[in-house]
Structure formats: C-alpha cells, structure tokens
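Asker: coords below, sequence missing:
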C-alpha cells in the first residue's frame, strides 16, 4: 500500500480514459518538442492546456511549464526585482526560496502561518521603506503555500487576503499540494475557503500531484500572464511541455471538472475528503500526535526521536505499507515525523489495514504520546458519491 | 605561590576601605558612577523618530505600489509571433504552421528522434506500466526502475562512473553549479554561456570572473592574477574552490570550446572544469559522446559534465555525469533533484530508446555532420548575411552583414525574413533573449538548426529560400527607406513599443 506518493486523486493510473488519450497523443505528436515556446515550440496542445487551466482555476488566463520546481524558480524573477520586498513563510518549499533568491529582491520571512507576525512585518515594511535609503518599496509580494507538505497545515488564506488588501501587497499562492486535493470542487484552498480566485494575484500549482502528470502552472489576470509569456525565463530559454504529459493533465482535469459527463471527478474529490477525515480522526483517537488541519490530505505523525525514524519506515514497509519519514534537516532535530499522503484511490479497507499496521508499529516504538481528547470532527459530514 | 599574596592584597583592600575617611569614599564612588555613565551614554543621540499609529495609518494609506506586471497588450510583437507560429501536430523534420507544411530548421531535433516509431512504442509500453506521472521526488518513492536504467546507460555511454537524472534540462546545470560552488568560491565563466548556466552562477553566489569568449589567454591571465592573490593570503586560498564553467558547443554562437587548452590550464592552475553539453551531447564526436570525444580527451579530466535530453535525444530532462563521489553529492544537494518530482517514466524510457538507437546507428552522426557542412557552405555565399558558428556545428546563427545598429530594428528585420521564409515553406526562428537579464547584450540573429535526415535537395532548396527571403526583405527596406512615410517607420514604432513594454 502506497502512503508515500502525492497521488491525491488517484490519477496516476496505467489504464483508463487518461491513459487512452495519452496513447493517441503520443502517436499523433511524438514525445519530444526540442524547442522553447518562443522559438517554434508552441503547439496547439499547449494552447488547449493553457485555456483549460484558466477555466479550471476560474481566472482570466494561465500559462504552463514542464517542471513544477521550475515554475517557481523561473517565473518569480519576472515578477519582482531589486527594490521589491518578498515576505515569505518560513516553511516555504525550496523552489520558492530559490526563486526568491534569483529575483534580487529583499527577502524577509515571517513565522509559519502567523498572521500577527505577517501584519507586523507588512506594516513595518510600508512605513520604513527600503533599508538605509528609506525609499518606498516598489512592490511587496507575500509568498505562501496552500498546504504545507511537511506540516500538513493549511494557509490562513482569508486573513492573508485581508492583509494584502489593507497593505496593497500581492499574493503568490503556491498550491502544489492543494490543487485538486482541497475544496468542495477540487479547486484548491481558494475553493476550500470560498474565496474568489481573482482576488489572489498569482495562483501557482503543479500537475505532479493530483493530476498524475508533471509540470506546473501560473494563473492570474490576462495582463500578468501576457507579461509572463513575453518575459518569463521558462518561455524563452527552456523546452516546452512534452505533448503526452500535457494530454494527461487535460484528460484528468476534464474529469475533475465533470466535462466527461460523469461524476467520476467529484467522486474522487469527495472520497479523498472523506478518507482524510476518517484517517486523521482514527489516528487522533489512538493517541498519536498529528499535525495539520483536519482537511489536509498530508498527515504528519510525530515520532520525535531521530532514532525511531528508520525503524518506523522499515517496520511499516515490512508489513506492506510504504511511508515517507522525514528528519533533520527538513524538520527541526527533535520533530522528526512520518508522513502519510492520502489518496482517493485508498479504500476504507486499505485505511483500516494501514491503521492496524500503524498500531502495530506504534506499540513497538511507543508512539502514543498524546493524552489530549480527540477533536470533534467527523467524516460523516462528507457525502460520498457511489 | 601566587594565591597567598592575592589574599593579602584583598585583606589590605578591605582594611583600606574600612579605614578610609568618609569624604574619600564619597569621592571614589562618585568617580566610579561617572565612569559608568560615560561608558553607557552615547556621545550624541539625536531624537529618534517614532511614528505614531496615526502616522503609520496614513503612510499605509498613501503608499502606492507599482503594478504587479507592466501592461503587455495582446498584440505585443512577441506574443503575436508566438501565436502566429503555433504548431499543429508534431514538431518533427516537417512542421505544420497555419495549415502549411514547412521544413523545420528551428527546433533542436538534430538526430530527428521526434516521431520515431520505436521511441513512441517504448514510451507507450512505459505508459501501460507506470502511467504518466511519478507523483513524488526521487527520494520519496518517485524512483522507478527506468530511471535507474537510464542513469546506468547514460553513465556507460559517457564512459563515466555515474550519472544523475534531472526531470528538466534547464534545471540540470542550474542546480549542479550551486551544489558545489558556494559563497566565497571562484568561478571562471565564459562570457557567452547560455542562460541556464548564468542562472546557476547567480544561484551559487560565488565570485564570478568572466573571461572573453573562447579566449584562453584572457582566462590564463585571470588565473595568474588569482595565483598572485593566493600567495598573499594562503589561508583563504586553501579553502577557496575554483571552477571553470564552459559549454561544449555554444548555443549562442555555434562554436566549440577549446577543451585541450582548458584541460591543460586546469591541471596547471588546479581548477575544476564543469562542462555543459546541452548542445554537443549526441552531436559531436565519432559516436556522439560529445566534445570530449571530439577532442579525444578522456572524460576523467572533466570534473562534471552536464547535458540535456531535450535536444538530440528529443525527450525531457537532463543529466550530470562524472566520478561517483562527485555525482553522489548532488543526490542530497542538487535542488532540482531533491525537491522536484522525478521525470515521468514514459519520457525516461523514450530517452532510453533514443540512446540505444544512437548507439546502434552511428551513421546518423555522419549524416548530420555532412548536412551541417553542406548547409554552412551554402550559407557562406549568401549576400547580406553573416554566418556565425563552426562548419560542423548543427547550430548556425545568421546575422545581418550590415546591421542597422539598433538591435530592436534588426530583430524586426530578421522577423520579416522569418515570415517570408515561412511563406515559402521553411520554418526558422529568431533567437530570443531576455535582454536586461543576459550577462552580455546579444546580437540579433536567426538561429538555424540542422537535422540529420535532411536530403541534399532539401538543404539546397531551403538555402535558396532563406537567401531569397533575405534579398526580398533587405531590398524592400532599402527602397522604402527613401520614402518618409514608409512601413519602415511603422517597424521603428513597433520597435519602440516593444522596448517600452520591457
């Protein structure tokens, strides 16, 4: 049983409608592109993908890049530059950090998901201006992620949007782990909080996880996307997306949107939400310490002691469950953890089996640290579609 | 015995304090306090401006940030030409643009691997087993057996101990450089290196010493300069790593780096060489092993070779190869390797198959070389055109022999040539650069890529079409420039709007 991959909606399949359409595309387009988008590498399938992504997100326009990591690191430099400020959550992903560094802007971090700290830093930035010269900043960009992959926490988006409007900053929201996996319609944290996607300036995300493909996108206003298309590194210097990869995204996205005429997409979104609540609640009840929001499909289980890391991974694997364990330096030294990634393709029986394995290993390693009563959420709120 | 006298001193001191007159004590205490005060207080402290909350509110209200993105209209020249040249179907040797089939001289499909049946079959086989995405980074259950096979085969092919696979060509060298070179280290880089390398240099935050393109004397003078500095500060020199970063075949100029001289300098001055072979891998050398084979130099002399699978191999991704202990370092510190999902398995098996085909049919390399030389010969004799690049290089840059001096205007002229050629059935592209971010300003050019499967007849025909397009555009421009209200003015205006939008 795979609890290690980011296959949230279970679209990483080797058969079914997605695989069939990919097969057709390979036969029609081949595999390679061998050119960047501005230099004769722009194909009709890319155009179709861009338009579909924009429709999916509910924004004016979107652009796509063949690698999720590169979406951040190659496009951020086109957005801010010297004289601008980036306010970045301290737990942001490496690609956001690299992208921020490549921009040449000043980078300051705020405490993870701490809106008081963010407001303090924003206020200070607007009032004080740039260091030494005290000139006003050109622009301020708040960089946050939708779901943090190591913590399982969800960004406090409504708060961030309020602060952004008050201080006239811009938001860069990385939905790598939340797009498809969160919200009633699978449109990410924006959908989860019921916020208008147009109020987020830059919506970024990847296709690696929920869509079972590869690459990333940026969505936003037409003006923003036009600027990126003309000036982003990824459109000028690097190869365009391989057609079969693009087709996989198109097919899976159409299913989630219900464009294939079935409820399959919604079924998967609901199933994932149900699985998440069910699994999290059972773990809480059993006395494990779990981080993150009740609806986040990334479930970190705290092991604390570094020596338990390898043992946990080996013991679960031996019992037939693949998990990811994370230790220093990805986490603080004493907060090592195991991380489960839930998927819509996990059945209830699989979850029960997984819980049994965790219980086994948990007793062996004495992991039931928590003495708190379990929180009162329940999976019964979520209606499954058969 | 130092302890006893000290005790006696202490005793004396206490006795002294007890016996001293009171006015003396007051004086001494006052002195001590004065010293403390002088020590703590600053010489002059101007009044610190502390903003009141209300003032802060107004500041926040008054601040107007710049717009997130400058206004780029839908009819921006770059967007327009991108939409205009949107490809329908496969990007192979022939390409369909706007319903018209053209010979493709724009994409890096040197070995014509795009659309090969064998490769497609392998990719489909992989699709049936793995699906498309891998859903995780290499370290977190994202490693499939095809990735390991491909790494093995690449290492064997390049005669190196080990290879490491990245999921994107751009990220390969851009992650590899900062994995080794850190703040305080020194990198000697050729001025003409491509953009991905430049980004790697920026990310490394090392000291960059640029040497003139392929100018080994300049490089040596920089190395000698550093040697003198090192003698002054040997402690620092001991902990400073040095690297030379060059490309095998330069994308921006189509020429080959003087590798034998570089290796000689490397051993003489104890520097490491990073070689970027995005363009030369699968192109140069008898069997396509790149620039090391071209010069018959053992890859052991090169510390790190980085190459792309997006050019000759026609898949997606890139790899680095070298000694095992060097490559292994990247598995934990190559950012693009650790923190990115692995390459889709079907693209890895496509690359695997392409590599096999290259190994089994070295004949295609002979064809490629012949085609390159024939094309070069044809282009050399074209009036009004300057060709840059090595005769055996599949990348050739066509520049205007008499540029107008204004790069924007020249780009527009070249775009008109491209339009013209496209109408006659030859797909070309102007090389695109992000001017403000490039290390050096680039001369406008049309970048031509040669495919190994072009027949002599096709080469001759496309060379004729290119020549005619140049004549047509240049002829039009000279006659019309006499007329004040000519389209040339509109070209200039377009050009201005293009600049303004940047």
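Answerer: Received the coordinates, thanks. Values in this document were obtained by computation on a predicted structure and should not be read as measured data.
Asker: any idea which element residue B:108 lies in?
Answerer: For residue B:108, there is no helix or strand it lies in under DSSP states H and E.
Asker: tally of neighbours for it?
Answerer: For residue B:108, the count of nearby residues is 29 (other C-beta atoms under 10 Å in any protein chain shown). (C-beta placed from N, C-alpha, C; glycine too.)
Asker: try residue B:464
Answerer: 14.
Asker: can you pull the contacts of residue B:208?
Answerer: Neighbour list for residue B:208: B:187, B:189, B:201 [criterion: C-beta atoms under 8 Å, 6 or more residues apart in numbering or on different chains].
Asker: point out where the stretch 351-500 of chain B drops to low pLDDT.
Answerer: The stretch 351-500 of chain B contains residues with pLDDT under 70 at B:479-500.
Asker: contact residues of it facing chain A?
Answerer: Proximity of the stretch 351-500 of chain B to chain A is confined to B:427, B:429-434, B:437, B:447 under the rule C-beta under 8 Å from any C-beta of the partner chain.
Asker: of these, just the buried ones, PyMOL syntax please.
Answerer: This is the PyMOL syntax for the buried subset of these, where burial follows 16 or more other C-beta atoms under 10 Å in any protein chain shown:
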select buried, chain B and resi 427+429+430+431+432+433+434+437+447
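Asker: which of the residues of the stretch 351-500 of chain B next to chain A lies at the shortest distance from residue A:225?
Answerer: Closest approach to residue A:225 among those (C-beta to C-beta): residue B:434, at 16.8 Å.
Asker: for the closest one, which non-adjacent residue is spatially closest?
Answerer: residue A:236 (5.6 Å; C-beta to C-beta, 6 or more residues apart in numbering or on different chains).
Asker: try residue A:67
Answerer: residue B:168 (3.8 Å).
Asker: inside strands: which ones of the contacts of residue B:208?
Answerer: B:187, B:189 (DSSP state E).
Asker: if we can go back for a sec, and the pLDDT for the residue nearest to residue B:434?
Answerer: Looking at residue A:236, its pLDDT reads 87.
Asker: give me the residues contacting stretch B:363-375.
Answerer: So stretch B:363-375 is contacted by B:110-112, B:283, B:285-288, B:358, B:391-394, B:396, B:448, B:450-454, B:456, B:459, B:463 (C-beta under 8 Å, 6+ apart).
Asker: still on that earlier bit, show me what contacts the residue nearest to residue B:434?
Answerer: A:36-39, B:195, B:432-434 are the contacts of residue A:236 under C-beta under 8 Å, 6+ apart.
Asker: so which of the residues you listed are in helices?
Answerer: residue B:195 (DSSP state H).
Asker: picking that back up, could the residues of the stretch 351-500 of chain B next to chain A go into CSV alongside distance to residue B:471?
Answerer: Converted to CSV, these look like this (distance: C-beta to C-beta, whole Å):
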residue, distance to residue B:471
B:427, 19
B:429, 20
B:430, 18
B:431, 21
B:432, 25
B:433, 26
B:434, 31
B:437, 35
B:447, 20
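Asker: thinking the residue nearest to residue A:67 is in contact with residue A:70, fair?
Answerer: Yes: counting by C-beta atoms under 8 Å, residue B:168 does reach residue A:70; the two are 5.5 Å apart.
Asker: of these two, which one has the most company?
Answerer: Between residue B:168 and residue A:70, counted using other C-beta under 10 Å, the more crowded position is residue B:168 (30 against 26).
Asker: I'd like the mean pLDDT over stretch B:314-329, please.
Answerer: Averaged over stretch B:314-329, pLDDT sits at 92.
Asker: okay, now residue 376: neighbour count?
Answerer: Reading this off chain A. Neighbour tally, residue A:376, other C-beta under 10 Å: 7.
Asker: my bad, the chain I had in mind was chain B
Answerer: Counted with other C-beta under 10 Å, residue B:376 comes out at 19.
Asker: same deal with residue B:249?
Answerer: So residue B:249, with other C-beta under 10 Å, has 27 neighbours.
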